[in-house]
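> Here is the input, now give the coordinates:
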Amino acid sequence: MTGNIWVSFICAIVTLLVVILVSTYGKKMMRLIPFIIGILAGYAVGLIFTFIGIATGNTALMIIDFAPFKALVAEGVNLSTFIALPEFTFINAFKGVGDFNASYLATVAVAYVPVAFVVFAEHIADHKNLSSIIGSDLLEDPGLHRTLLGDGIGSFVGAIFGGCPNTTYGESVGCVAITKNASVVTITAAAIMTALISFISPFVAFLDSIPGCVMGGVCITLYGFIAVSGLKMIQKVDLEDNANLFTTSVILITGIGGMAMAIGKVTITAIACALILGIIVNILLSKKKSKEQ
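Next comes the predicted model:
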């Protein structure tokens, strides 16, 4: 269902303001979960509009889609539907016994190699941001080699079950920055709880029913922190130097502008294009830097 644009706007603004107010003025426990409170507040407003729309027959107000819940109820309430396993998709690199599908494997490799570079760059950036938040250099302790190994193992295991490549996610860094909670125990417990809860069908149905505008209100704060963190990283860069200026401008404009390329079935995203062009420009201008040094 597509809700009225003003209804979507109100839900997004309520979510955003609740997250901001709870993070700033909330008590200690509330400041640890501002995003959950914000999402619930935006969802509650969406429910009010939806119920009004149902009562008046105005479909423009029905911003929440109850289809995931209806599908769950249609299956019947029992243990098998309450706790359900997702459909794992294993990579089919072989067709039959001994028939190696090299073309399929090559297509996957071409698609994922650029992603690996993007993940690598994001990994370093996120860990540098986390280092500034907690006051400890994570690239030294536990070390970049260990954290990258963890990312690689996560991507490998996830790919076996049909998952996406693993990454550190700037959104998670934003959560740490806002909540000021960088406890390894807390984050590990949250990761385990998230994995377990994903097997509970009613919770999955609830997540599927959250309107995009509510998540958009949350993303304003998260991506805002990511953008500010990126600006903090180039604070100490000498932008009077044309080499640094061009490298930074190419990355920013390409990434923010959304430059993307499609080569056959392979799509190079804006982040990947920004990273690749940034590396190329930096290499081209590195000779000037070395001469000046």
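> Any idea how many residues pack against residue 7?
Residues near residue 7, counting by other CB atoms under 10 Å, number 23. Using the backbone N, CA and C atoms, a C-beta is placed for each residue, glycine as well.
> That should have said residue 24, apologies.
That count, for residue 24 with other CB under 10 Å as the rule, works out to 10.
> to the chain's geometric centre, what's the distance from the helix or strand it falls within?
Following DSSP states H and E, one finds residue 24 within helix 5-25. Distance, stretch centre to chain centre, for helix 5-25: 20 Å (CA atoms, centre = their mean, to the nearest Å).
> any idea of the mean pLDDT for it?
Helix 5-25 shows a mean pLDDT of 91.
> do stretch 186-205 as well
Across stretch 186-205, pLDDT averages out at 85.
> contacting residues around that stretch?
Under the contact criterion CB atoms under 8 Å, 6 or more residues apart in numbering, stretch 186-205 has outside partners 68, 69, 71, 72, 81, 82, 83, 84, 85, 86, 176.
> picking up where we left off before, in the helix holding residue 24, which of the residues would be classed as buried?
7-8, 10-16, 18-20, 22-23 (16 or more other CB atoms under 10 Å).
> Stretch 64-83 now?
Those would be 64, 65, 68, 69, 72, for stretch 64-83 by 16+ other CB under 10 Å.
> could I get it in PDB with only the CA atoms?
Extracted as PDB, the C-alpha positions of stretch 64-83 are listed here (Å, rounded to 0.1, in the frame of the first residue of the first chain):
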ATOM      1  CA  ILE A  64       1.300   0.000   7.100                       C
ATOM      2  CA  ASP A  65       0.800  -3.200   5.100                       C
ATOM      3  CA  PHE A  66      -0.500  -6.000   7.300                       C
ATOM      4  CA  ALA A  67       0.100  -8.600   4.600                       C
ATOM      5  CA  PRO A  68       3.000 -10.300   6.400                       C
ATOM      6  CA  PHE A  69       0.800 -10.800   9.500                       C
ATOM      7  CA  LYS A  70      -2.100 -12.100   7.400                       C
ATOM      8  CA  ALA A  71       0.200 -14.600   5.700                       C
ATOM      9  CA  LEU A  72       1.400 -15.800   9.100                       C
ATOM     10  CA  VAL A  73      -2.200 -16.200  10.400                       C
ATOM     11  CA  ALA A  74      -3.200 -18.000   7.300                       C
ATOM     12  CA  GLU A  75      -0.600 -20.600   7.900                       C
ATOM     13  CA  GLY A  76      -2.000 -21.300  11.400                       C
ATOM     14  CA  VAL A  77      -0.500 -20.600  14.800                       C
ATOM     15  CA  ASN A  78       1.700 -23.500  15.800                       C
ATOM     16  CA  LEU A  79       5.400 -24.100  16.700                       C
ATOM     17  CA  SER A  80       6.400 -24.800  13.100                       C
ATOM     18  CA  THR A  81       5.100 -21.400  11.900                       C
ATOM     19  CA  PHE A  82       6.200 -19.500  15.000                       C
ATOM     20  CA  ILE A  83       9.800 -20.600  14.600                       C
END
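> Quick one: distance of that stretch to the chain centre.
How far stretch 64-83 lies from its chain's middle: 27 Å, per CA atoms, centre = their mean.
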